[in-house]
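Enquirer: Give me the fold of what follows.
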Amino acid sequence: MVAPTTRITWVEDGVGSQLLVDYIYHDLTPDEKRLFEFTTGYRGAKVLSNDELIKELGITQGQLSYNKRKLIDKID
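Expert: So this is what the prediction gives:
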């Protein structure tokens, strides 16, 4: 069974939030950046479902779950 799509969302409250998101994005690896973009729509990327992410990134469901958790932990 495929888990529901987890999305990282940001509250748009002005320049401060955008600067924080940009700062966090800059510190990610290239693979983390792609996952972040396709999960949040950052930089105009299309938000993809988990199935689409698996195909786009060429990874398994387990790898996707692990990478999302790792990304969330890095952001927190």
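Enquirer: what about the helices in this structure?
Expert: 15-26, 30-40, 50-57, 61-75 (DSSP state H).
Enquirer: Quickly compare those and say which is most buried.
Expert: When the helices of the chain are scored by mean count of other CB atoms under 10 Å, the highest mean neighbour count falls to helix 30-40 (a mean of 17). Glycine gets a C-beta too; all of them are placed from N, C-alpha and C.
Enquirer: Now that one - C-alpha only, CSV.
Expert: The C-alpha coordinates for helix 30-40 follow below in CSV (Å, rounded to 0.1, in the frame of the first residue of the first chain):
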residue,chain,number,x,y,z
PRO,A,30,21.4,18.2,-5.4
ASP,A,31,19.2,15.2,-4.8
GLU,A,32,17.6,16.8,-1.8
LYS,A,33,17.0,19.9,-3.8
ARG,A,34,15.1,17.9,-6.5
LEU,A,35,13.0,16.2,-3.8
PHE,A,36,12.3,19.5,-2.1
GLU,A,37,11.3,21.1,-5.4
PHE,A,38,8.9,18.3,-6.5
THR,A,39,7.4,18.0,-3.0
THR,A,40,6.8,21.7,-2.4
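Enquirer: The helices of the chain into a markdown table, with extra columns for mean pLDDT?
Expert: Below are these laid out as a markdown table (pLDDT from 0 to 100):
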| stretch | mean pLDDT |
| --- | --- |
| helix 15-26 | 83 |
| helix 30-40 | 96 |
| helix 50-57 | 97 |
| helix 61-75 | 94 |
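Enquirer: residues in contact with residue 28?
Expert: By CB atoms under 8 Å, 6 or more residues apart in numbering, the contact set of residue 28 is 36, 71, 74.
Enquirer: JSON lines for those residues, including distance to residue 18?
Expert: Converted to JSON lines, these look like this (distance: CB to CB, whole Å):
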{"residue": "36", "distance to residue 18": "14"}
{"residue": "71", "distance to residue 18": "19"}
{"residue": "74", "distance to residue 18": "19"}
